[in-house]
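Chemist: here's my sequence, what's the structure:
(2 chains)
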Amino acid sequence: MGHSRLNDDQLDDRDRQIVALIPRLRRYARALAGNADQADDLVQDCLERAWGRLHLWRRDSNMRAWLFTIMHNIHVNARRRAAIRPDDTPLMDWDPAQGVQPIQEHIAEIRSIVGALQRLPSEQKEVLLLIGLEGMSYRETAAVLDLPIGTVMSRLARGREKLRAMTGNDGETAVKMSS
Amino acid sequence: MSRAPERFDENDVHAFVDGQMEPERRAAFEKRLAADPALAHLVAAYQRQNAALHAVFDPVLGEPVPAALRRRPPGRWRVFAARAAAAIVLVAIGAGGGWLAGRTSMPVTSPATASLEFAERAAAAHAVFAPEVRHPVEVAAPQEDHLVAWLSKRLGANVKAPALGEAGFTLVGGRLLPDESSPAAQFMYEDRQGRRVTLYMRTNPSGRHETAFRWVTAQGVTVCYWIDGTFGYAIAGDNVSREEIEHIATVVYRQLEQ
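Modeler: Got it, this is the predicted structure:
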């Protein structure tokens, strides 16, 4: 596969970092938008802005955080422009269980968790996805979303509780913690 | 002197679920979990949420990047796109970091459908043996040659124990385990703080050729797994961050490729 090797003259290290992160941006956008076309529009806008502003990126800073910050800002602006109310959130145009090969009895639960995800307020969904799917630390998530870490934690907690309630995975009330 | 039992709040529940709790507190939290079924129930529900997100959305990592994403902006990006269009798809599929960019071959995936059960058995094997103090492995690292020859013979394919020094881990040893219908090998590694990760491998469990890295969390163990040619691989860790596991997986992938 030598012919597919990237040409080093054309690509510097920053380009490589961006290219390598495209699949992760797409994964996040797909989960955020719940719709493959809208997700890729989001990724495309994000990439264009990133390539156009590459001179603003500080070397040795975190490329992933930078790209996800750009995507967050685009997402927020798009929602604002469209004045999308939460109940206007587009329905998913694909079956969340498609392509998944978990043990059979888990499929229903996975489907309902992901269905419920699309009904979460956008700010809770973002936190849940950056942490639970993208695997970001709480601190990095706070930086990307430009929020205090306490706000990240409370959105995470509320989002997860809401998901749990919506999927009816148990009827118990929240466990009381000693604190 | 008696110590007050460690106190945990809601943030700790999430930190545990997300693998963002310091190892000492994590141990205490696990004790608390064992004694508190309602808490364990809550933690398991949150863990299933994370697992569901990965199960559903990780396959996106393996999808070819659509041409539309490579079309704009004009100028720099177009030149770049024209020259490297095919490569972008391949690089993108690998995901995870810049480490694939310079490679000449990389995982070419169909929608990543590596066996989740395989990864769950890797998690279970990790959960059973990683805490083991006296008998973590059957054959210890000083007999690495013997270990590798033995496992290769039993698995019916050439097995290597990758060196994870650049990730800060050294080989403890390995063991043979029963997998679904054939044997599996588990190599255990340890860092200077005594944290352990395991590499679980068996001959290709699903007949697929190659997949991107996929993730699952089971029993509090985070697993990164993939299939590459004749083998399925899984890196499992319970008190190691996802980033570290991903780093280890890339190191393993790179070495096994050679």
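Chemist: contacts, neighbours, all on C-alpha from now
Modeler: Fine.
Chemist: return the residues in contact with residue 136.
Modeler: Answering for chain A, as no chain was given. By Cα atoms under 8 Å, 6 or more residues apart in numbering or on different chains, A:Met136 lies in contact with A:Leu130.
Chemist: looking at chain B here, not the other one
Modeler: Taking Cα under 8 Å, 6+ apart as the test, what B:Pro136 contacts is B:129-130, B:188.
Chemist: repeat that for 10 Å
Modeler: B:126, B:128-130, B:172-175, B:187-188 (Cα atoms under 10 Å, 6 or more residues apart in numbering or on different chains).
Chemist: where does chain A have low pLDDT?
Modeler: Chain A contains residues with pLDDT under 70 at A:1-12, A:81-107, A:169-179.
Chemist: again, only this time at 90
Modeler: Along chain A, the model assigns pLDDT under 90 to residues A:1-21, A:33-38, A:40-41, A:44-45, A:48-62, A:74, A:76-116, A:118-119, A:166-179.
Chemist: name the element the residue most central in space within it belongs to?
Modeler: Nearest to the geometric centre of chain A sits A:Tyr28, at 3.3 Å (Cα atoms, centre = their mean). For A:Tyr28, the element it lies in under DSSP states H and E is helix A:13-33.
Chemist: please apply the same query to B:Trp150.
Modeler: For B:Trp150, the host element (DSSP H and E) is helix B:144-155.
Chemist: hmm, back to that, and of the contacts of B:Pro136, the nearest to B:Thr217?
Modeler: B:His126 (11.9 Å; Cα to Cα).
Chemist: contacting residues around the closest one?
Modeler: With Cα under 10 Å, 6+ apart, B:His126 has these contacts: B:120, B:132, B:136, B:186-188, B:196-200, B:219, B:221-223, B:235-238.
Chemist: repeat that for A:Leu163.
Modeler: A:112-120, A:125, A:169, B:45-46, B:49.
Chemist: I figured A:Ile18 hits A:Leu47, correct?
Modeler: Yes - with contact defined as Cα atoms under 10 Å, A:Ile18 and A:Leu47 form a contacting pair (8.2 Å).
Chemist: the more surrounded of those two?
Modeler: A:Leu47 (24 against 20; other Cα atoms under 10 Å in any protein chain shown).
Chemist: which element is that one on?
Modeler: Element membership for A:Leu47 (DSSP H and E) is helix A:36-52.
Chemist: centre of the chain versus the helix or strand just after that helix, how much separation?
Modeler: Of the helices and strands lying after helix A:36-52 in sequence (DSSP H and E), the nearest is helix A:63-82. Distance, stretch centre to chain centre, for helix A:63-82: 10 Å (Cα atoms, centre = their mean, to the nearest Å).
Chemist: check stretch B:178-189 too.
Modeler: Distance of stretch B:178-189 from the chain centroid (Cα atoms, centre = their mean) equals 15 Å.
Chemist: ditto for stretch A:139-149
Modeler: Distance of stretch A:139-149 from the chain centroid (Cα atoms, centre = their mean) equals 14 Å.
Chemist: what touches both of A:Ile18 and A:Leu47?
Modeler: Residues within reach of A:Ile18 and of A:Leu47 at once, by Cα under 10 Å, 6+ apart, are A:25, A:67.
Chemist: can I assume the residue nearest to the centre of chain A is in contact with A:Leu67?
Modeler: No - with contact defined as Cα under 10 Å, A:Tyr28 does not reach A:Leu67; the gap is 11.4 Å.
Chemist: would you mark the buried spots in stretch A:59-74?
Modeler: Residues of stretch A:59-74 classed as buried: A:63-72, A:74 (neighbour count, 16 or more other Cα atoms under 10 Å in any protein chain shown).
Chemist: ok, stretch A:136-151 next?
Modeler: Applying 16+ other Cα under 10 Å to stretch A:136-151 flags A:136-138, A:140-145, A:149 as buried.
Chemist: tell me the confidence at B:Arg70?
Modeler: B:Arg70 carries a pLDDT value of 57.
Chemist: likewise B:Ala140?
Modeler: For B:Ala140, pLDDT reads 87.
Chemist: ditto for B:Leu147
Modeler: Here, the pLDDT recorded for B:Leu147 equals 91.
Chemist: how about the nearest residue to it, chain neighbours excluded?
Modeler: Once flanking residues are discounted, B:Leu147 sits nearest to B:Val139: 6.0 Å by Cα to Cα, 6 or more residues apart in numbering or on different chains.
Chemist: tell me the backbone dihedrals of B:Ser241, please.
Modeler: phi -70, psi 160 (degrees, to the nearest 10).
Chemist: which residue sits closest to it, ignoring its sequence neighbours?
Modeler: Among residues not flanking B:Ser241 along the chain, B:Gly19 sits closest, at 6.2 Å (Cα to Cα, 6+ apart).
Chemist: just checking, the one you found is part of a strand?
Modeler: No - with DSSP: H, G, I helix; E, B strand; the rest coil as the criterion, B:Gly19 is located in coil rather than a strand.
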